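[1] what follows is a predicted structure for the sequence shown.
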Amino acid sequence: SRLEEICERWIVSLLGFPEETAAGFLSGTTIANFSGLCAGRNELLRRRGWDVARKGLYGAPKIRVVASADAHAAIHKSISMLGLGSENVELVPVDDQGRMRADQMPKLDEAALVVTQAGNVNSGAIDPIGRICEHAHASGSWVHVDGAFGLWARALPSMRKTCDGIEMADSWSLDAHKTLNVPYDSGIIACRHREALMSAFKASASYFQWSEHRDSMNFRPSMSARARVIELWAVLKTLGRQGVRRLVEQLCENARSFARLLAEQGFQIHNEVVFNQVLTSCDDDALTRATLQNIQRSGECWCGGSTWHGRAVIRISVCDWATTPKQIERSVRAFVKARAMAAR
């Protein structure tokens, strides 16, 4: 629990969150999203005089969920588990990079859970979260940020403008086992309303023995968990603020180099490379899919496939701290060779 207190303080400082922010340490962003949305749902109902922990959802005031049309599947899974119904989500249109369009937001109110993204799973794009928060908070809504890998952009001074206003949100989810390269599994839920997070998960029994320090189960759904915070503490302690910045900037620089070198070899680049994601393709979908299959079989590097604006694309996520510029060049050569084999 002492290490959790330390890591909470370090993360709040590193990412520029409000000082009162609480953090829970759990398995990953899926359960972190669930936790943030659960705290938000319960708090919105509490403000309207409904104790969902005691009364449940039967007869409760309606909760709305407003999310990006390009929200991650983990968001819809969490909404489903919370009993809010994935079919009830009000989807907001996105721009050509997958960013939620703040000018297309529906009219909000005190019943709305608004879900934003810091890092589109395909393009890496970050929603205009500050503008969305201003609109949402004026209406009494709760704003959650799904920041699995992209929220670490907050650590970079060069990304401050892109990340402007993220600190205004009510809750944030992120993974340490992605961008930060902490061993699996290591997710984080952060919430500016400490009592809202704790009240969502607190429990009591006659045999519980409370300590004078933090009780971890009050900040996450599970009562039992491994001491995953030890690895997170070790990485943060070793890297420090400047080390985290160097790590994240290195990933971004490698992604930009990857995109530039692929473009020089005639591959199409479909996204603005704002973080560590690159979307690329060949001249047609069939060639793209065959090229991807050859890359995966080669063992030179690993990337997956996706669909972007109706096109088959190869999704590159540069996320390993050990990747060097030479290995980026080697990977590009593997792409070129795989495309040549597919074109025969």
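    That came in fine, so what should we check first?
[2] separation between Ser281 and Gln97?
    16 Å (CB to CB, to the nearest Å). In this view, the C-beta of every residue, glycine as well, is placed from N, C-alpha and C.
[3] which one of these two has more residues nearby?
    Ser281 (22 against 17; other CB atoms under 10 Å).
[4] you'd agree that one is up against Ile316?
    No. Applying CB atoms under 8 Å, one finds Ser281 not in contact with Ile316, separated by 11.2 Å.
[5] scan this protein for its longest helix.
    helix 229-264 (DSSP state H).
[6] just the buried residues of it, please?
    For helix 229-264, the neighbour count (16 or more other CB atoms under 10 Å) marks 229, 231-233, 235-236, 239, 244-245, 247-252, 254-259, 261-262 as buried.
[7] kindly report the same for stretch 67-86.
    67-68, 70-72, 74-76, 78-79, 82, 84.
[8] ok, stretch 148-165 next?
    148-156, 159, 162-163, 165.
[9] for that stretch, list the C-alpha coordinates in PDB.
    Extracted in PDB, the C-alpha atoms of stretch 148-165 (Å, rounded to 0.1, in the frame of the first residue of the first chain):
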ATOM      1  CA  ALA A 148      -4.600   3.100 -22.700                       C
ATOM      2  CA  PHE A 149      -1.400   4.100 -24.500                       C
ATOM      3  CA  GLY A 150      -1.800   7.700 -25.600                       C
ATOM      4  CA  LEU A 151      -2.300   9.300 -22.200                       C
ATOM      5  CA  TRP A 152       1.400   9.100 -21.600                       C
ATOM      6  CA  ALA A 153       1.800  11.800 -24.200                       C
ATOM      7  CA  ARG A 154       1.000  14.200 -21.300                       C
ATOM      8  CA  ALA A 155       4.500  13.500 -20.100                       C
ATOM      9  CA  LEU A 156       6.000  15.300 -23.200                       C
ATOM     10  CA  PRO A 157       6.200  19.100 -23.200                       C
ATOM     11  CA  SER A 158       6.000  18.900 -27.000                       C
ATOM     12  CA  MET A 159       2.600  17.300 -26.800                       C
ATOM     13  CA  ARG A 160       1.100  19.700 -24.200                       C
ATOM     14  CA  LYS A 161      -0.900  21.600 -26.900                       C
ATOM     15  CA  THR A 162      -2.400  18.400 -28.300                       C
ATOM     16  CA  CYS A 163      -3.200  17.200 -24.700                       C
ATOM     17  CA  ASP A 164      -4.500  20.500 -23.600                       C
ATOM     18  CA  GLY A 165      -7.400  20.200 -21.100                       C
END
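[10] all strands for the stretch 1-150 of the chain, in order.
    22-26, 64-68, 90-92, 112-117, 142-146 (DSSP state E, counting those that start in this stretch).
[11] and what of the stretch 151-300 of the chain?
    Counting by DSSP E, counting those that start in this stretch, the strands of the stretch 151-300 of the chain are 171-175, 187-191, 268-269, 277-281.
[12] can you list contacts of the last one?
    Contacting residues not belonging to strand 277-281 are listed as 119-124, 255, 258-259, 262, 267-271, 288, 306, 308, 311-318, 335 [CB atoms under 8 Å, 6 or more residues apart in numbering].
[13] quick one, that strand and helix 229-264 angle?
    On the basis of axes from the mean of the first three to the mean of the last three CA atoms, to 10 degrees, strand 277-281 is oriented at 30 degrees to helix 229-264.
[14] likewise for the first one?
    With the same axes, to 10 degrees as the basis, strand 171-175 and helix 229-264 are set at 80 degrees to each other.
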